[in-house]
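In: A structural model of the following input is requested.
(2 chains)
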2 protein chains.
Amino acid sequence: MVYEGPFAQANEQLERVFDAYRSRTIKRVFYVACGGSSALMYPSKYVIDREAQGITAEIFSSNEFIHRNPRSLDEQSLVILCSHKGKTPETTEAARFAKSKGALTVSLMYVEHAPLADESDFVVNYSWISAGNMEPHPEIMNYAILYRLTMGLLYIKEGNKKYEKLLASLDHLGTVFEKAMVQYADTVREYAEQYKDESIIYTMASGANYGMAYSFAICILMEMQWIHSHAIHAGEFFHGPFEILDKTVPFILLKGLDETRPLEERAHAFLQQYGEKTIVIDAKTFDLTGIDDEVKGYIAPLAMNFVLRMFALALSKARSHPLETRRYMFKVPY
Amino acid sequence: MVYEGPFAQANEQLERVFDAYRSRTIKRVFYVACGGSSALMYPSKYVIDREAQGITAEIFSSNEFIHRNPRSLDEQSLVILCSHKGKTPETTEAARFAKSKGALTVSLMYVEHAPLADESDFVVNYSWISAGNMEPHPEIMNYAILYRLTMGLLYIKEGNKKYEKLLASLDHLGTVFEKAMVQYADTVREYAEQYKDESIIYTMASGANYGMAYSFAICILMEMQWIHSHAIHAGEFFHGPFEILDKTVPFILLKGLDETRPLEERAHAFLQQYGEKTIVIDAKTFDLTGIDDEVKGYIAPLAMNFVLRMFALALSKARSHPLETRRYMFKVPY
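Out: Numbering: from 1, shown residues only, chains lettered A, B, ... in the order given. A predicted model of the protein is given here:
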């Protein structure tokens, strides 16, 4: 990794956070954000659940976090928040609330100055570009920064060596994305043409990938395309939701490389038998050269998300409904 | 509470579990089940989050729990499982898995003998009756047993006195249900007539009530009525999902009495302004005489769930689609 420009800044910001990690006891991590910024934290919770010896993690939507007021939130807590432009009022309020409880607060955002930054102990800026284009700096995109904050914590507190494997792997993420972009170019265009008139599209995944399914359902389909949706957990599917399946109901199924893949495979077999409008995005089709085997299950959702953004852009073009179109968000009081 | 018949049995079973609580260290609770049995555990996690000094809680769908294999699952864990007939294969496997990690396993079920019972350290049987009819023994219904297991843990380990208030309040639950049944009789019939032809109905709630919204969406609407649905979190609503709202989109909004009610009120105001097909079930309309103020927020979801079952039955009648009708569940291999 070359440390210059935005890399250098992100690295310096991360090092300051790591110094704070070293200076205090951390027993519990709260991932706090709203909507898409919350969805991107799901893979990091998966990492904590799988890897941490003595640290537990929770994900809360910002306002739920404040009003639920978890009693385990204290000065041994790390609260990681995220808001793209740092202006989400609930998330800013959540940072203030977390600080009032003595927690260490670290906030991710794209911009450098924002209300959320003012209320946080530390800020890390990530690189970002809109859906469908190449990430300019995948090594410091939001998911990568979150993983560095999460695996860095386990490295510092518990000597977990996967942090080093993560860092080495992130250097190859740009190439992974470039190859996926070429590989999926026709698929996303054909999909968009075929499904552009659907009024509902379900997404489904499990484990580290569930956040990607949730993000695509609520941010892309519902928010940006006004298509009805619901991110169904691939294990829960068989305990209610699958009864709505027939040959007319479209599903986007994600198959990752983490330990919960058997759940997604079971859902796939059922969709194949009883559905006819299923598309599967299988991380096994990605060229993950350069990604360390030990972190492939964790990195797969990042490539999955990149491909999903290609689907989003293709859908928006086929439907002549730009991804930026809103009727309420940032337009009316709420 | 009179201790005879099923009461006596449930009490004896609970006392045995409480003895096990006393004999070991418990730092973490895992609520593990599938579908509706998982949804009914959400209020109990809310209680742990709000009340516990030194115990944390997680909810996992059974297969996710096994494959995710949380590292914090150990001999200081309590795993509470539930399966109505004790035959859900993933949940039985989850009990076996939890025991292999040294955890204390307690399983809830309606039947006395079942595969899940064979794999669990302790079993507690709950009382149950199908949707729309009166609970014969609300004091030992599934939600009540779960609360007793949860608040009993906090009473024994941390001296939390709300357990006593819960017990005293549960004695009045039957009366609460009876009154709600009269009060909502016309409402549910009118609702069912008006909405019987909808192809999608969203549910929404937050805090202790979110599990009720989830259960109604996946078990009643999707599974039992084949109506598209999605349980939207009232805080997340404003960060994506609300863009699908227009005057044609039906919502069922739950307003509870817990600390997150402001989130549900905010969602209500928005639905009132931009939607036209909203029904609100507000716990403030329930007559909660006999329920202790300190546990009203926790008890409200139980009354909410009772009323939702009246909606379910009314919908099924108006649509001539019995709640028992399935195309896949228990009918085909999956």
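
In: ends of stretch A:48-57, how far apart?
Out: Length of stretch A:48-57, first residue to last, CA to CA, to the nearest Å: 6 Å.

In: contacts for that stretch, please.
Out: A:26-31, A:44-45, A:150-151, A:153-154, A:157-158, A:160, A:162, A:259, B:28, B:56, B:58, B:68-72 (CB atoms under 8 Å, 6 or more residues apart in numbering or on different chains). Bear in mind the C-beta positions are built from the backbone N, C-alpha and C, glycine included.

In: please redo it, this time with the cut-off set to 6 Å
Out: Outside stretch A:48-57, the residues that touch it by CB atoms under 6 Å, 6 or more residues apart in numbering or on different chains are A:28-29, A:45, A:154, A:158, A:160, B:56, B:68, B:70-72.

In: looking at those, which one is closest to A:Asn125?
Out: Proximity of the contacts of stretch A:48-57 to A:Asn125, judged by CB to CB, is greatest for A:Val29, which lies at 20.3 Å.

In: I figured the closest one hits A:Val79, correct?
Out: No. Using CB atoms under 6 Å, A:Val29 makes no contact with A:Val79, being 7.7 Å away.

In: if we can go back for a sec, among the contacts of stretch A:48-57, which two are most distant?
Out: A:Asn160 and B:Thr56 (20.3 Å).

In: quick one: name the residues of chain A near chain B.
Out: A:34-35, A:49, A:52, A:56, A:61, A:63-64, A:67-68, A:70-72, A:200, A:206, A:218-219, A:222-223, A:226, A:228, A:230, A:233, A:235-236, A:238-244, A:259-260, A:263, A:270, A:328, A:334 (CB under 6 Å from any CB of the partner chain).

In: just the buried ones from the residues you listed, in ChimeraX syntax?
Out: Buried members of the residues of chain A next to chain B, defined by 16 or more other CB atoms under 10 Å in any protein chain shown, are picked up in ChimeraX with:
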select /A:34,35,49,52,56,61,63,64,67,68,70,71,72,200,206,218,219,222,223,226,228,230,233,235,236,238,239,240,241,242,243,244,259,260,263,270,328
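
In: burial count for A:Ser320?
Out: By the criterion of other CB atoms under 10 Å in any protein chain shown, A:Ser320 has 8 neighbours.

In: hang on, I meant A:Ala192
Out: For A:Ala192, using other CB under 10 Å, the count is 19.

In: any idea how far chain B is from it?
Out: 19 Å (CB to the nearest CB, to the nearest Å).

In: same question for A:Ala103.
Out: Relative to chain B, and taking CB to the nearest CB, A:Ala103 is found at 15 Å.

In: how about that residue: what's its closest non-neighbour residue?
Out: A:Ser77 (4.1 Å; CB to CB, 6 or more residues apart in numbering or on different chains).

In: quick check: bridge partners of that neighbour?
Out: A:Arg28 (DSSP bridges).

In: and what of the one 4 residues further on?
Out: A:Leu81 has these beta-bridge partners by DSSP bridges: A:Val32, A:Ser107.

In: in chain A, what secondary structure element scores lowest on mean pLDDT?
Out: Averaged element by element with mean pLDDT, DSSP states H and E, chain A has its least confident helix or strand at helix A:5-22 (a mean of 93).
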